[in-house]
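Participant: sequence-free structure coming up:
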């Protein structure tokens, strides 16, 4: 069976977009198909798959990690998803998109889109380990779990090829781990290992979690904008007075075609 696809990215966090308006093309998307699509040598290549399904009350973003596992939310992915809906389905901004973490509102101008990522949940410190070294990490949920570690330099963790070790009791379904350094006032840079995908060029929900932890450490007033540099670009995050996280960054569609993977 041949079916259409698009390819897009947000700060080089890249995704395969599968139009599936009535849910009949892909049905219950199999992990095997997701892995084939995301394979960077034998497939299209991507950090995940975004399946676009129309429901009576709007569009649903069915997000899968590159290994085929299901994820609740993807910050860069939802901007790419909104770009697809705007440019290919004619949806106007602002738009509401359904996810496994509830409804998200997106607005945009030019290449940049802003996503209301909802209210963060901040938990106690935990520990993560890579290559025999351990660090204290702050546990933050942005609909999906994050462990945020501040380090002296981004090379400390070494290659993030394997998932960092963590307390399975704290993160029973795995965790995204962000290693962070300060670059200036309200300015940080990060690397990330995403569960189900490995080290990626960017993580939108991770940037949000990092901004939350930095703002708490700085005792920054609500409404303070944080710049978060990722290997693939820059995201801007604001924790608002009404306890919402607004994330702004680029989202681009770069290719489309037909595949039978």
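Facilitator: Ah, there it is. No experiment lies behind these values; they were computed from the predicted model shown. Numbering: from 1, shown residues only.

Participant: Going by residue numbers, what spans are strands in the stretch 151-261 of the chain?
Facilitator: For the stretch 151-261 of the chain, the strands defined by DSSP state E, counting those that start in this stretch occupy 165-166, 176-184, 187-194, 198-200, 225-230, 233-239, 245-250, 252-259.

Participant: who does the longest one touch, helix- and strand-wise?
Facilitator: Applying 3 or more C-beta pairs under 8 Å, 6 or more residues apart in numbering; DSSP states H and E, one finds that strand 176-184 makes contact with strand 145-150, strand 187-194, helix 204-218. From N, CA and C alone the C-beta is placed, and that goes for glycine too.

Participant: rerun at 10 Å
Facilitator: With contacts taken as 3 or more C-beta pairs under 10 Å, 6 or more residues apart in numbering; DSSP states H and E, strand 176-184 sits against strand 121-130, strand 133-141, strand 145-150, strand 187-194, helix 204-218, strand 225-230.

Participant: repeat for the third one
Facilitator: In this structure, strand 187-194 makes packing contacts with strand 145-150, strand 176-184, strand 198-200, helix 204-218, strand 225-230, strand 233-239, judged by 3+ C-beta pairs under 10 Å, 6+ apart.

Participant: My guess is residue 12 contacts residue 251. True?
Facilitator: No: applying C-beta atoms under 10 Å, one finds residue 12 not in contact with residue 251, separated by 11.4 Å.

Participant: And the helices and strands packed on strand 187-194: which comes nearest residue 16?
Facilitator: For residue 16, the closest of the helices and strands packed on strand 187-194 is strand 198-200, at 14.2 Å, according to C-beta to C-beta.

Participant: For that closest one, what is the distance to the chain centroid?
Facilitator: Taking C-alpha atoms, centre = their mean, to the nearest Å, one finds strand 198-200 lying 11 Å from the centre of the chain it belongs to.

Participant: could you say what helices and strands that strand packs with?
Facilitator: strand 187-194.

Participant: The helix or strand where residue 97 lies: partners in the sheet, and parallel or antiparallel?
Facilitator: Assigned by DSSP states H and E, residue 97 belongs to strand 95-99. Neighbouring strands of strand 95-99 in its sheet, by DSSP bridges, are strand 58-65 (parallel), strand 102-109 (antiparallel).

Participant: Please tell me how far it is from the chain's geometric centre.
Facilitator: Centre-to-centre, strand 95-99 and its host chain are 15 Å apart (C-alpha atoms, centre = their mean).

Participant: do the same with stretch 171-186
Facilitator: Centroid separation for stretch 171-186 versus its chain: 13 Å, with C-alpha atoms, centre = their mean.

Participant: That stretch: which residues count as buried?
Facilitator: 171, 174-181, 186 (16 or more other C-beta atoms under 10 Å).

Participant: before we move on, what about stretch 27-42?
Facilitator: For stretch 27-42, by 16+ other C-beta under 10 Å, it's 29, 33-38.

Participant: of all the buried residues of stretch 171-186, which two lie farthest apart?
Facilitator: It's 174 and 186 that sit farthest apart of the buried residues of stretch 171-186, by C-beta to C-beta, at 29.9 Å.

Participant: Can you tell me which of the helices and strands packed on strand 187-194 is nearest to residue 85?
Facilitator: Of all the helices and strands packed on strand 187-194, helix 204-218 comes closest under C-beta to C-beta, at 16.7 Å.

Participant: Compute the inter-axis angle for that closest one and strand 176-184.
Facilitator: Interaxial angle of helix 204-218 relative to strand 176-184 (axes from the mean of the first three to the mean of the last three C-alpha atoms, to 10 degrees): 50 degrees.

Participant: circling back to that earlier point, and of the buried residues of stretch 27-42, the nearest to residue 237?
Facilitator: Nearest to residue 237 among those, with distances taken as C-beta to C-beta, is residue 38, at 26.5 Å.

Participant: Now do stretch 172-188: distance to the chain's middle.
Facilitator: Its chain's C-alpha centre and that of stretch 172-188 lie 13 Å apart, by C-alpha atoms, centre = their mean.

Participant: And it, end to end?
Facilitator: 28 Å (C-alpha to C-alpha, to the nearest Å).

Participant: Thanks a lot, see you next time.
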